[in-house]
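K.L.:
one predicted model, sequence on top.
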Amino acid sequence: MTLEEQFALLKRGTIEIVPEEGLKAKLKKSSETGKPLKVKLGLDPTAPDIHLGNAVVLRKMRQFQDLGHEVIIIIGDFTAAIGDPSGRSVTRPQLSEEEIQRNAKTYYDQYCLILDPAKTKVVFNSEWLGKLSFEDAIKIASKLTVARVLERDDFASRLSEGKPIGLHEILYPMCQAYDSVVLESDVEVGGLDQKFNILLGRDLQSQFGQEEQVGLFMPILVGLDGVQKMSKSLGNYVGVTESPKDMFGKLMSIPDELMHDYFELCTDVPLEEIKAIDEGLASGKLHPMEVKKRLAREIVTIYHSAEAAAEAQAEFERVFSQRETPEEMPDIVLSPEDLVDGTIWIVRLLVKAGMAPSNSEARRLVQQGAVTIDGKKITEPSANISPVDGQVVRAGKLRFGRIKLLR
RNA sequence: GGGGAGAUGCCCGAGUGGUUAAAGGGGGCAGACUGUAAAUCUGUUGCCGUAUGGCUACGUUGGUUCGAAUCCAACUCUCCCCA
């Protein structure tokens, strides 16, 4: 592959490369010296649950690997204690050694779905950040200015809205930038929300007399709600390890307008084909639901298999299009102590089944007509029912359970 | 160090003595409809075994009052201006 082709491949899907010439130069140098580029990615250890939004970046990393470069994943165990200043950060507890190891293992299992483990190195930033003395930290800090750090969007808006900014939070970008110095990274990939931190890495590297890394920015994947970015804490995400069924269903719930971005960022469907889909939708030749099913199938296939995707689709159609019951559902185990004269209060049953967090919530579900047993609607919250082994309890569209009686 | 403003339910945000489990919006959940767990519309959204009922809740702790999210005091935290 020529350098131009390599560059074109890497550029695809990115929002911005800073600077483009820098990346070209690094690719050239790497091919001349035979030395792979160090491509850096930082991950937060507190949420070891990789979702499609993270995958956008990881898939880009994979391309670098396929071109022979080295990927270095930094688990931000040290910086996690600070808490990323973006959003309503709450200071997080320092993770224990075991937790870190466990999370690292989880990460490994998950990113292997996307990355080539043979070309991936994992490091923890506590390895070097934890060893800095206060004096060292101050020396690093002296290379940056307050104004420079306050340029950052989060800080600027929090400042103008009168919201607090912890002094330690200001150090977060510095820590991330220093990671780049320690690793002598050539490229750092990240979402656009990482722009500031990654560019700061460039500044700091040059302060330390190093060649500056190239920043490569991917678009932020919008979450299932169609408004906010996909993130675990907002609950609007699809995890890469989720079951085919959940993945399919969640993807079917995205607003229609999001389909284009998902095709582009989360699948391998060629760009020309995506364009054809857009046109088909605009002209009415393609049905949005069918397109969305295709999208869901493509994504499930990446993380599971084509067969699993087909099954997930069949299940989805059975449950939501035909309103039938799913093939598999959790058991609601009832022991004799749960029954009074062979009956159980419907509200109690729902709470016991985990379908409602409280009696009040369960009562509401019943009153709203969301609860059926074997297809028969229960509308009276005071009802006592006589459970029969194998009966299907349904609350709303998503919650199912099969009664299992113990004797 | 001085002066000023503020802390309300998952989030934002009204509310300055009773009719406030607390307006409105967001989010969540449910129903209808449908083309899908899209969109739209409607309802609902503290907890308690079934309640013209009880309990908990408006930063914390006390106080005033028949009655407090609302008044008073102290404390904790945050923001702004000045130094």
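P.N.:
Yep, it's here. Numbers count the residues shown, from 1 in each chain, chains lettered A, B, ... in the order given.
K.L.:
I figured A:Leu234 was touching A:Gly223, is that so?
P.N.:
Yes. Using Cβ atoms under 8 Å, A:Leu234 is in contact with A:Gly223, at 6.1 Å. For the C-beta atoms, the positions are set from N, CA and C on the backbone; glycine is no exception.
K.L.:
and stretch A:321-334, does that touch RNA strand B?
P.N.:
Yes. Stretch A:321-334 reaches RNA strand B (Cβ under 7 Å from any atom of the strand) through A:Ser321.
K.L.:
on that earlier part again, which one's more surrounded, A:Leu234 and A:Gly223?
P.N.:
A:Gly223 (23 against 14; other Cβ atoms under 10 Å).
K.L.:
what's the closest non-adjacent residue to the more buried one?
P.N.:
A:Asn236 (3.1 Å; Cβ to Cβ, 6 or more residues apart in numbering).
K.L.:
break chain A into its domains for me.
P.N.:
Domains of chain A are assigned by automatic domain parsing as A:3-218, A:244-321, A:331-405.
K.L.:
save those domains as JSON lines, and put in mean pLDDT too.
P.N.:
Compiled in JSON lines, these are given as follows (pLDDT from 0 to 100):
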{"stretch": "domain A:3-218", "mean pLDDT": "85"}
{"stretch": "domain A:244-321", "mean pLDDT": "90"}
{"stretch": "domain A:331-405", "mean pLDDT": "91"}
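K.L.:
could you dump those to TSV with mean neighbour count?
P.N.:
Shown next, in TSV, are the domains of chain A (neighbours: other Cβ atoms under 10 Å):
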stretch	mean neighbour count
domain A:3-218	17
domain A:244-321	16
domain A:331-405	16
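K.L.:
for A:Gln228, find the nearest of these.
P.N.:
Judged by Cβ to Cβ, the one of these that comes nearest to A:Gln228 is domain A:3-218, at 9.9 Å.
K.L.:
for the spatially most central residue of chain A, what are phi and psi?
P.N.:
Geometric centre of chain A, nearest residue: A:His51, 2.6 Å, by Cα atoms, centre = their mean. Main-chain torsions, A:His51, degrees, to the nearest 10: phi -120, psi 180.
K.L.:
wait, what's in contact with the closest residue to it other than its chain neighbours?
P.N.:
Nearest non-adjacent residue to A:His51, counting by Cβ to Cβ, 6+ apart: A:Tyr237, 3.9 Å away. For A:Tyr237, the contact set (Cβ atoms under 8 Å, 6 or more residues apart in numbering) comprises A:His51, A:Leu52, A:Gly53, A:Gly223, A:Leu224, A:Met230, A:Ser231.
K.L.:
all strands of the stretch 1-150 of chain A, in order?
P.N.:
A:16-18, A:38-43, A:70-75, A:120-124 (DSSP state E, counting those that start in this stretch).
K.L.:
circling back to that earlier point, surely the residue nearest to the centre of chain A meets A:Gly239?
P.N.:
Yes. If you go by Cβ under 8 Å, A:His51 and A:Gly239 touch, sitting 5.1 Å apart.
K.L.:
before we move on, back to that, nearest to RNA strand B, of the strands of the stretch 1-150 of chain A?
P.N.:
strand A:38-43 (25.4 Å; Cβ to the nearest atom of the strand).
K.L.:
what's the angle from the closest one to strand A:120-124?
P.N.:
Here strand A:38-43 points in a direction 50 degrees away from that of strand A:120-124 (axes from the mean of the first three to the mean of the last three Cα atoms, to 10 degrees).
K.L.:
just the angle between strand A:38-43 and strand A:70-75, please?
P.N.:
20 degrees.
K.L.:
who touches strand A:38-43?
P.N.:
Residues contacting strand A:38-43 (Cβ under 8 Å, 6+ apart): A:54, A:57-58, A:61, A:64, A:69-76, A:107, A:125, A:176, A:179-180, A:183-190, A:194, A:213.
K.L.:
if anything else comes up later, I'll come back, but that's it for now.
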